[in-house]
Each structure stands twice: as C-alpha cells, then as structure tokens.
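J.: I'll drop the sequence and a predicted model, then ask my questions.
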Amino acid sequence: MTPAERVVRAATRAYGETVTELRPLDLTAAAKPGERHVRPRRRRRFPGWLAPVAAAAAVVALAISLVIVRNIPARPAPASGGVPRYYAALVPQPPQGFQNKLTVGDALTGARLATLTPARGYSFSVVTAAADDRTFVVAAQPIYDGAADKRFPARTWYLLRITPGTSSQVRLTRLPTLPDLKGAHLLAVALSGSGREIAVGFIPDYATSPQSPVQLRVYSVTTGNLERAWSTSDQTVFGGPGRDTAGNGPPTTALTWVDDDRALAFPTISAASDPRTHQDVMYETVRLLDMSAGGGDLIADSRVIWSTQRESVPVNDQHGQLSCVNNLSILPMLTADGKTIVCAAIKSPNPQGTITAPGPQTLAWLAYSTSAPTVARTLAQVTVDAPKWTSPAIDLQWTDSSGGTLIGTWTIEGASIGFIDPNPAPTYRPHWGVIADGKFRPLTTMGDLNLYRAIAW
Amino acid sequence: MDHVDTEHAGAGAWTAERHVTALYQRHALSLARLALLMLGDSGAAEDVAQDAFLGLYRRWDSLADPSAAQAYAYLRTSVLNGCRTAMRRRSRREVPPDGRPAESAEAAVLAAIRRLPARQREALVLRYYLDMTESQAADVMRVSRGTVKSATSRAVAAVARMLREGS
C-alpha cells in the first residue's frame, strides 16, 4: 500500500468513526412487506425566480408548524372509560432482558401502532406523556456490560408524536439539545401538559457524591434551553433515591405538572423516630412549586399542600385504618387541576413487614381535596383474601386531570422481608384496572401490562 | 457473515420486522458511516441508511435468499444507490464534512475525496474504507475489475495531487 493509500484509509476510517449513534429504526414509516410502496412524487425542478417565493413559503410553513407545536390541546381527549387512548411503554427484549424497546399502542382498539428499536447499544429508559394524548418524550441510555448503564440514566432524548390516520402514525425525532444526565441518579421526569417543557429531578454525580443536593430543572423541549432550576439538600423529595430507576425510569407519580403548567407538584416521603412514642413514623407530603415565583431552593420556594403520617410498626389502632403511607415506594399525586390528591392505600390487619394472617384485607384508592386535606374519599376499593405468608400491595399509575378516573394496580406479594418463609407463596401477577365511578375495572385492551417496564399515558 | 434465522422467512410482517431490526442493530452504524464518506453529510447519510432498511423491510417477502449475507449485500447496494441519487440531486452543491476542522490534514484528505468524481470516490471508499478487493468492488459497482482498478488509481493520484497543491 502506498503512502497516499494509507492516508486515504486512515482519513476515511477516522471520519467514519464520527458517526457513533443513529436514531431508532421506525418500521411504521414503511409499507408492510409485500404491500405496494407508493413512492413520493418527485419534485420538479423549478426556475430560479421561484426561489424567493419558495423561501417565503418555507417560512410560512415553519411558522405554521411552530403554531401547531405551541397549540397542543392542554387536556386530553379521553378514550373509552376515561383513560387516554394512546400510550407508550418500555418493553424489555427479550422478556426480562436488559434492552427496552418502545411500544406505542391504542388502548381503545388494542392495536399496536409501532414497536421502535433503540439505536445499537442503547435501551429506552424513560417515557413521559403530555396531556394531549399524542405527544411523548422518550429517553435512551447506553447498555454497558450486559446491563443498563447507570452512569447514563438518560443520554439521548426523542420526541414521539402520534398522528392517527396518517401513513406514518408514529414519528420519533431526536432532541439533540436536552442534557445527557451523565452520572446522575434520576428521580423524576415529567413532560408538561402542553408538551413544551420537560421537568427532570435528579441527584448529580450520584456514584461519587450520593449526598449531592437534589436538582429539579425545567428545560424547553424544542430548544433544550434550561428555563428554571431548583435544588435542595433534602433527599426525601420525589420519593428519595431508594429505588433503582435504571432501565425502567422513575415512577410517573414522582412529579406532576398542574394548573395549566404553571406549577409543579412532588411528594416527599421520610421516616423518623417519634421522640414521645419511640416508634418509627413515616411522613408523607405533597408540595406545590409555583413556576412563576422566584428563588432556587426547592423546599423554601415550595409549600406543603397535603401531609399525612403513620407509625411504621403500629401498636395502636392505626393499622385498622386505610392509609396511603404503606411503604416508601407508593407516592401520592396531585391532579393536573391542582384540586385533588390521589393515592393508593391499604387497611391491613397486620402492619407492613410482619407475618400476615390469612383473611380479607382492604385495598383502596383515596382522594383528598386540597381544600379539605384531612378528609379522605374512597374512589374504589378491592377486598383481597390474602393467603398466609403474603401481603397485599397496591399502587397508582395514572390519574386524569381531576381525579375522576385513575389507573391502578394491586397484587399479593410473597412473604414479607425479615421472615423465613417455610412455604414460599406463589408469584402473584399485578392486576391492572381503571378506577372510576366507585369501581375497579380490569384494563384488558392493552395486552399483558406486566410485560412492560414503564408506561406513559 | 452473521446468520439470520430463516425458519420463518416470508411468514409476514412480524418475521420481517424481527429480522430487519436485528440487521439494523448490527449493521446500521457501519452503513451510515459508509454513506457519510460518500456524502459528507451525517444527516443525509443517516437518511440514506434508514431508507435502505425500510426498503429491505418492504421487500422482505420477495427476497429469494433472506440470509444475513444476502440481506447485508442488499443493504449495502441500497446505501450506495441512495448515495448516488443524493449526489446527483446536489451535484453542484458542496457540503463540508461535519465537525471536522477544515485546516487539519485529515479534513484536507476528506475534502479532496469529496472533490473526486462519484465513481472514483466510490471505488476509493470500497477499496480503502471497506477493504474490498478489486473483484468485490467491481461486483458492488457493477463494473469490470479493470474499471475499479483504473478508478482507484486515478482517485489516489488525484487526492495526492490535491494535497500537494493544497500544502
């Protein structure tokens, strides 16, 4: 090989290496195998004098598209049963595997609109929805050493748009300007109702400095510009860093946009010893952060609008009451209209973490008005005949803007932590359902929801 | 070459989706890089690579031999065809390479490559980037081996001359 050939080889290879990742392949853009592909009509050459006209038309078209982006309806058009029609979900491939694909579906018809594959070496890790039932933001993280790379909980971001009735119903567009969150522990992600902003709660440099202050940042989806930032040393916000969000994203209830995107709501959950009773007590609050107010302290600049507490190991009659504070993983949620707190609750004859006696136990979804935050209203309840050595569990997945319709899950879990189970309980699969009109109705149009790692509605 | 399970080849969209997705995971990056070298524009290169996979997906049922080797050959040819089409469309418009400083030696080589006629550029990329033999490049370009040899030789000489003149 001559020196010139060597130079050509080195230069082409170095330049080729500048391509390091690609957007996912969207097969919904193609006709199905065997179907006739209609080639787009080729544009005719136009004379040079048309160039200014074309440029002006392009500006108008851009303006129109911006208007469309800026005028996403603030509230969803509900599907049957009051839940949004379209959803996007992270689906591990293979089942229980470490790489998540993205499935986009129609909850009304049960149709799967698309399954999107991440770029090579990546896994979808976060999905969050706007209020229009058409707009989502998705993040992907690298795969490292056969698992989701926790160093990058969300490295690349995409805008997902659903346009029913068009030839390309699902469109995924890279958002190159959003931050890669390198080294962060992701606590909460929420796309605003309008789809224009995305709020991200995280602890930066978590691996090296786990006590770093929690950050809440709001970015523009279209420009990637940082619009607002808050921080706090209180790590109980967003439910705290205790849960592993790598690979399945933070819970959808950890952060919500309310009041037409003018405020953000988030929970805090903490446990402390009561000096009087020497009992561990769990405290739970929902705080409201006004976006228009100044300041950068997440706690000082927000206010508590709801709170509750419960003894971790109740010795009094508390365990006979329905309580939203069951364990540190269930988060209460403020509805988008800012008027109702919804949460999942258990009335257990035995406290969490102890051997349960067989018998009926009550699970319920509760609502509290922010104007009367101590009065609970039961939205629906399920009575579970839990076998010995098991304990029931309940959670909240989604709420509409007023708390009139919810999506929730309940299940029966095996023997509790801290006890040796002589007869392991069978694995119980969570039951998914729509909570409305005082009833829990099974959600059956979306296939097996337990196959999904995360769902955004 | 990688093996694609052909047990269910031709069994419908699901099979095609599974196979094309696997091929995308494995080959999309290298094909996008190939397109980048031909076009010098990463966005256009990514579009060309994606179009190749979408085309393969649409035609999956009509492939006579849906093995991984044949599918890859199809994709590579599709990418090169897509690059030729893109180059024809913008034949007089020069696009600078993305993110590379024009004053570096590497950028000068790439600029020189992009000034080559399309056939010479293609021969150069196939021979020195993909390490194809003259026969393999001839098959891909659908020309004779002698044409590849002369195109490559002229391309290298032209690049060397442009580099000398530029220095």
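T.: Received it, and whenever you're ready, just let me know what you need. Numbering: from 1, shown residues only, chains lettered A, B, ... in the order given.
J.: Can you pull out the residues in contact with stretch B:116-130?
T.: Contact partners of stretch B:116-130, identified using CB atoms under 8 Å, 6 or more residues apart in numbering or on different chains, comprise A:5, A:8-9, A:12-13, A:16, B:33-34, B:37-38, B:80, B:83-84, B:87, B:113-114, B:132, B:134, B:136-137, B:140-141, B:143, B:147-148, B:151-152, B:154-156, B:158-159. Yep, even glycine has a C-beta here, placed from its N, CA and C like the rest.
J.: Pull out the buried members of these.
T.: Applying 16 or more other CB atoms under 10 Å in any protein chain shown to those, the neighbour count classes A:5, A:8-9, A:12, A:16, B:33-34, B:37-38, B:80, B:83, B:87, B:113-114, B:132, B:134, B:137, B:140-141, B:143, B:147-148, B:151-152, B:154-156, B:158-159 as buried.
J.: Just those residues: which are in helices?
T.: Counting by DSSP state H, the part of the buried ones among the contacts of stretch B:116-130 found in helices is A:5, A:8-9, A:12, A:16, B:33-34, B:37-38, B:80, B:83, B:87, B:113-114, B:134, B:137, B:140-141, B:147-148, B:151-152, B:154-156, B:158-159.
J.: now the chain, which segments are flagged as low pLDDT?
T.: By default, I'm working from chain A. A:27-81, A:95-96, A:243-247, A:279, A:311-321, A:325-329, A:348-359, A:387-391, A:413-428 (pLDDT under 70).
J.: Chain B was what I was after
T.: Along chain B, the model assigns pLDDT under 70 to residues B:1-15, B:64-66, B:90-103, B:166-167.
J.: just the helices in it please.
T.: B:13-39, B:42-59, B:68-89, B:105-114, B:118-124, B:134-141, B:145-166.
J.: Leaving out sequence neighbours, find the closest residue to B:Ala151.
T.: B:Ala123 (4.0 Å; CB to CB, 6 or more residues apart in numbering or on different chains).
J.: Could you give the number of residues near the one you found?
T.: Neighbourhood size, B:Ala123 [other CB atoms under 10 Å in any protein chain shown]: 29.
J.: and it, how far is that from B:Leu130?
T.: From B:Ala123 across to B:Leu130, the span is 11 Å (CB to CB, to the nearest Å).
J.: Let me see the domain layout of chain B.
T.: B:1-95, B:101-167 (automatic domain parsing).
J.: among those domains, which is nearest A:Arg112?
T.: Checking the domains of chain B against A:Arg112 by CB to CB gives domain B:1-95 as the closest, at 10.7 Å.
J.: can that closest one be found next to chain A?
T.: Yes. Shown here: domain B:1-95 in contact with chain A (CB under 8 Å from any CB of the partner chain) through B:12-13, B:16-17, B:20-21, B:24-26, B:28-30, B:32-34, B:36-37, B:42, B:45-46, B:49-50, B:53-55, B:57-62.
J.: Give me the distance from that domain to the chain's centre.
T.: 9 Å (CA atoms, centre = their mean, to the nearest Å).
J.: likewise stretch A:379-388?
T.: On CA atoms, centre = their mean, the centre of stretch A:379-388 falls 27 Å from that of its chain.
J.: what does stretch A:273-290 give?
T.: 25 Å.
J.: Buried residues in it, which are they?
T.: Per 16+ other CB under 10 Å, stretch A:273-290 contains these buried residues: A:Gln279, A:Val281, A:Met282, A:Glu284, A:Thr285, A:Val286, A:Arg287, A:Leu288, A:Leu289.
J.: For those, give me CSV that also has distance to chain B and secondary structure.
T.: Output for the buried residues of stretch A:273-290, formatted as CSV (distance: CB to the nearest CB, whole Å; DSSP: H, G, I helix; E, B strand; the rest coil):
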residue, distance to chain B, secondary structure
A:Gln279, 53, coil
A:Val281, 50, strand
A:Met282, 45, strand
A:Glu284, 43, strand
A:Thr285, 45, strand
A:Val286, 42, strand
A:Arg287, 43, strand
A:Leu288, 42, strand
A:Leu289, 38, strand
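J.: Closest to A:Ala107 out of these?
T.: Of these, the one sitting nearest to A:Ala107 (CB to CB) turns out to be A:Val286, at 27.4 Å.
J.: Now do the same contact list for that closest one.
T.: Per CB under 8 Å, 6+ apart, neighbours of A:Val286: A:Ala265, A:Phe266, A:Pro267, A:Val304, A:Ile305, A:Trp306, A:Ser307, A:Pro332, A:Met333, A:Leu334, A:Ile341.
J.: Double-check the first one against A:Asp259; I have them as touching.
T.: No. Contact between A:Ala265 and A:Asp259 fails when scored by CB atoms under 8 Å: they sit 9.1 Å apart.
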